[in-house]
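Student: Sequence plus the predicted model coming up.
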Amino acid sequence: MTSENVEEYLEIMYRMKEKGIMPTTITVARELGISPASVSEMLVKLAKAGYIKHTPYRGATLTAKGEKIGKNILSKHRTIEKFLNKIGFPKNKSHEQACEMEHVVSDELERVIRNHMDHRKNIKKKGIIFLDDLERGMKARIVSIESGRMAKRRMEEMGLTPGTEIKIGRKAPAGGPVEVCVRGSCLVIGRGLAKKVIVEI
Amino acid sequence: MNGKIRIALAGNSNVGKSVIFNYLTGLNQHIGNWPGKTVEKAEGSFRFRGHEISVIDLPGIYSLSTYSIEETVTREYIAKEKPDVVINVVDASVLERNLFFTLQLIEMGRPMIIALNQIDTAEKKGIRIDHKKLGKILGIPVIPTIAVKGTGIYDIAEKAVELSGSGRKPKTIKYGDEFERGIQKIVKALKGFRSDYPPRWLAIKLLENDSEIVRMVLKNAPDAAKEAGKISGEIESIHKHSCPTAVTCEKYAAANRIATQVQKQTKKKGETLAERIHDVSTDKIWGYPVMILIILATFFSVFTFGDFFSAAIEDLLMGFLHLLEAQTGGGIILEFILGLLEGVISAITVILPYILPFYLILGILENSGYLSRMAFLMDNVMHKIGLHGKAFIPLMMGYGCNVPACLGCRIMETHRERMIAIFVTTLIPCAAVTAVILGLVARFVSVWWAIGLYLIDIAIVFALGRIAFRVLPGEPSGLIMEVHSLRMPDIKTTLKQTWFRTKDFVYIALPIIVAGTVLIRIASSAGMLATISELMSPVTVAWLGLPVVTGIALIFGTLKKEMTLVMLAVLFGTTDFASVMTPVQMIVFAFVTMLYIPCAATIAALVRETGWKRGLFITLFNIVFAIVAGGIFFRALSMFM
C-alpha cells in the first residue's frame, strides 16, 4: 500500500502530464499549494521509491509504476466527484470531498460506481435518444449535451442549445459524421460527439 | 478630421470578410502572422476622402471564447488595440447564427457597422431582411452588401469614416431579468478593477465560466469572482442547466428574437443547383467517387501543366546558365555566383509551373466550399489517427507539396492536433517523390511496386500517426463545423489568395533552396562530395544495400526530392537505371527518398509553424526512421526478390 501523500503527488503529476505541463518543484508546489522546499524533499523520496525519475532543476517524469498509481487515483477522483454531484452533494465541496475519498475507495467500488453512472447504458434503458440514433430527415429537440466541457461549450456556441429544434441531414457511412440543420444553417458533427447529445422527438 | 483611422473586419468564417477586405485594400495589403502565434494576420490600407484608413481582417470565428487560438487573438485585439470601428460582416442567409456573434461583438463596446453580406444568396433562399429595422434594434448602421460584386463597399468606407469621429457605440442588448440583475451586481463588484475589457463583457464571461477571464479576475478582484459564482448558482437553480449553458441559450434566444423580427421567409423557388450538387457531393455512395475524381483531376492537371512548363523554363534558363559556365573559368567566387543563379532557377522551375496552379485549384475548391465536404466524408478515417475530418485537407495537399500542407495544418483547432497533423504530412510523398517513384520503380521494376510503395506509406502514416496520438498529452477533439452552401468562388479573391500564398511560399522556400544549392555546388567543386558519400557508405551501402553514389544523390535530394533521380542519372552517366541497379535497390532507394527527410523548404515551413525544437525533432525523426525502416525493408525484400 502506498501512503495517501504519495498517492496525492502521483495523482497531481499525472494530471499535469495530461494537461501537458512539465512537473517541476515549482509547478507541483503551485498545484498543491505548499512550499517548494517540501515538494523538493518529497520528489527525492518518490524517486528513491521508483515512482518517478527526477532530475534536479529540470523536472520529473512518472515511471510506469508511478503513472499506474497516478492514473488510478485520478480516475477514482473523477468518478467520485461525478457521483457526488449527481446525488446532490454541493458542487463547490465535491472536489475536496473526492480528494479525501479517492484514497479509500477500492478499485471494485469504483467500477461499480462507474457502471452505475454510465449514462449511455442507463439512459438507453429508459428510452432516451441520442443525436446519432436519428435518421435522415427526422426532426428533434436538443435536451442536453453530456460531453466534456470544451466540446459541450463548442456545440452550444454553434447553436445546439437545450430546447433548440434540429433536423437531421446526411449521415456519412461507417460511423462518419452527422449533418445537423439548426437555426437556418447546417453543421457537421463527428459521430463521437453526436453520441453525447441527448434529444427528444 | 484628417487622420489615421483603424478598422477591423470581424465575423463568422466564410461570410465574405476576405472579399470585402480585398475590395477595400486592393493590392495594398500584407499577410503575416500575429506576433508569437501561428494565426494569419491580414493587414492593408487605403485612402478615402483624405483619410488614411488601415484595415485588419480578423480570423473567421463563431464566438469570443477561447476554444481556438483564433478566438483568443480576436478578442485580445479588439480589447487591447481598440480599433476605431469594427465592421461585423454578417451572412444574411444565416442571420440567426451570425447575430449570436454580433451580440458578443457589441459587448466588446467598440463603434460598429454591420455589413449585411450575401443578400442575393439570402433572397435565393427566400429570405428578406429589413436592414433598417435591424439597424434600429441594434443601434448600429447596417449596410446591405454583395461583396463579390462590390455592392455596398463604398458605403461601408463612408460609414466607417463618419462613425470613427463620433465614437458612437452600439446599444446594449438586454437579456432576461435574472441575467441583467446578476450582470449589474457583478459589474458593481468589478468597480475599481481596471482591464482592457469592458465590465459588462467581463461580467458575462464570468457567468460563462471562461477560464482565462476567471483566472484574471480571481487574481485582481476576488470579490467579483465570488459574486459571479453566487449568481451562477442562482441562475442554475432557475434554469436547471449549468450557467454557461444558460447564458448561451439566452444569447441565442436574443439572436432568434431579433432575427424573427427583421426577416421574412417567403416561399423558396425549388431546389437550387447548389443544393443538388451538395446532395451528390455528400452522398453515402456517390460522394466518394466524386471526391476521388476531383482529387485526381487536380493532381493530373497540375502535373501535366507543370511538367510541360517546368521543362520549357528549365531548358531555357539552364541553357543560359551553361553558356555562362562555358564562357568563364573556374574559381570559388564564380561557383558561388553560379550556385546562386542555379538555386534561383531551380526554385522558379518548381514555383511557377507547379505551386502556382496548385494553389489556384486549391483556392477554387476552398472558396466554393467543397473542402468542407471532404472533411465530412473523411472524418471517420481521420479519427483512426486521433484527428478529425478537417485534417484530411492538409494531408491531401501533401501529395502535391508538403510546404502548403504544413501551413494548411492551421485549419486544426488545437495545438496538439496541429502538431500531429504537421508530423504526418511530412511523411506524405509529394509530387517530387512521385516523380522518383514513377521514374525509377514504375518504369524499371513494375507499376505494382510503385503502388505498393504508396500503400506502405499510408500504413506508415497511420501507424506513426496513432503513436503520436497516444504519446502527445491531451484529449482528442471531435469535428464541429458549419457547412456552407456551395457557390461560385469569387475570381478576384481566389487570384489574390493564390498570389499571396505563392509569395509566402517564395519567402519560405527560395532562401533555403538557393543557400543549399550554393553550398552543395561549392562542396562539389572542392571534391568533397565523394568524401561525404564515402563517409555515408556504412549507412547507404552496408545497411541499405545501395550503390555508394546514392549518398550524393540523397544529399542533393534534401533540396528538392526529384534531384535524387537527376543526380543518379548524372552520377551513373545513364538514365537506364536497370543496367546499374537491381530492382531491390531501386525500390529501397525510392522508399528512402520518400521518407528520409522533409525537403529543405518543408523544414523551413516546419520551423516556422512549430518552432526550432519541434521542427528539427520531426526532421531528425524522419531521417532516423527512414534509415531504420529502409534497412529492414531491404532485408525483407532480399529474401524473396
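Tutor: Received the coordinates, thanks.

Student: is it true that B:Asn346 touches B:Val566?
Tutor: Careful, residue B:346 is Ser and not Asn. No: counting by CB atoms under 8 Å, B:Ser346 does not reach B:Val566; the two are 10.0 Å apart. All C-beta spots, glycine's among them, are computed from the backbone N, C-alpha and C.

Student: Those two: which has the busier surroundings?
Tutor: B:Ser346 (21 against 17; other CB atoms under 10 Å in any protein chain shown).

Student: What residues does that one make contact with?
Tutor: B:513, B:517, B:559-560 (CB atoms under 8 Å, 6 or more residues apart in numbering or on different chains).

Student: so which pair among those is furthest apart in space?
Tutor: Pairwise distances across the contacts of B:Ser346 (CB to CB) peak at 9.4 Å, for the pair B:Thr517 and B:Lys560.

Student: Show me what the host helix or strand of B:Thr494 is packed against.
Tutor: Using DSSP states H and E, B:Thr494 sits within helix B:491-525. Counting by 3 or more CB pairs under 8 Å, 6 or more residues apart in numbering or on different chains; DSSP states H and E, the packing neighbours recorded for helix B:491-525 are helix B:17-25, strand B:29-33, helix B:332-350, helix B:356-368, helix B:402-408, helix B:528-537, helix B:600-610.

Student: quick one, which of those is packed in tightest?
Tutor: Comparing the helices and strands packed on helix B:491-525 by mean neighbour count (mean count of other CB atoms under 10 Å in any protein chain shown), helix B:402-408 ranks first with a mean of 26.

Student: distance between it and the chain's centre?
Tutor: Between the centre of helix B:402-408 and the centre of its chain there are 8 Å (CA atoms, centre = their mean, to the nearest Å).

Student: Can you name every helix or strand that it contacts?
Tutor: Short answer (3+ CB pairs under 8 Å, 6+ apart): helix B:402-408 packs on helix B:356-368, helix B:392-398, helix B:415-425, helix B:491-525, helix B:600-610.

Student: want to throw those helices into a markdown table with mean pLDDT?
Tutor: Formatted as a markdown table, the helices and strands packed on helix B:402-408 follow (pLDDT from 0 to 100):
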| stretch | mean pLDDT |
| --- | --- |
| helix B:356-368 | 89 |
| helix B:392-398 | 91 |
| helix B:415-425 | 90 |
| helix B:491-525 | 85 |
| helix B:600-610 | 90 |
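
Student: Any idea which of the ones you listed gets closest to B:Ser579?
Tutor: helix B:491-525 (24.6 Å).

Student: buried sites along that closest one?
Tutor: Applying a neighbour-count criterion of 16 or more other CB atoms under 10 Å in any protein chain shown, one finds B:493-494, B:496-498, B:500-502, B:504-505, B:508-510, B:512-514, B:516-518, B:520-521, B:523-525 buried in helix B:491-525.

Student: quick one: contacts for B:Met563?
Tutor: Residues in contact with B:Met563 (CB under 8 Å, 6+ apart) are B:553, B:556-557.

Student: Using a markdown table, lay out those residues together with secondary structure, neighbour count and distance to A:Arg183.
Tutor: What follows is the contacts of B:Met563, written out as a markdown table (DSSP: H, G, I helix; E, B strand; the rest coil; neighbours: other CB atoms under 10 Å in any protein chain shown; distance: CB to CB, whole Å):
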| residue | secondary structure | neighbour count | distance to A:Arg183 |
| --- | --- | --- | --- |
| B:Ala553 | helix | 25 | 58 |
| B:Phe556 | helix | 23 | 56 |
| B:Gly557 | helix | 26 | 52 |
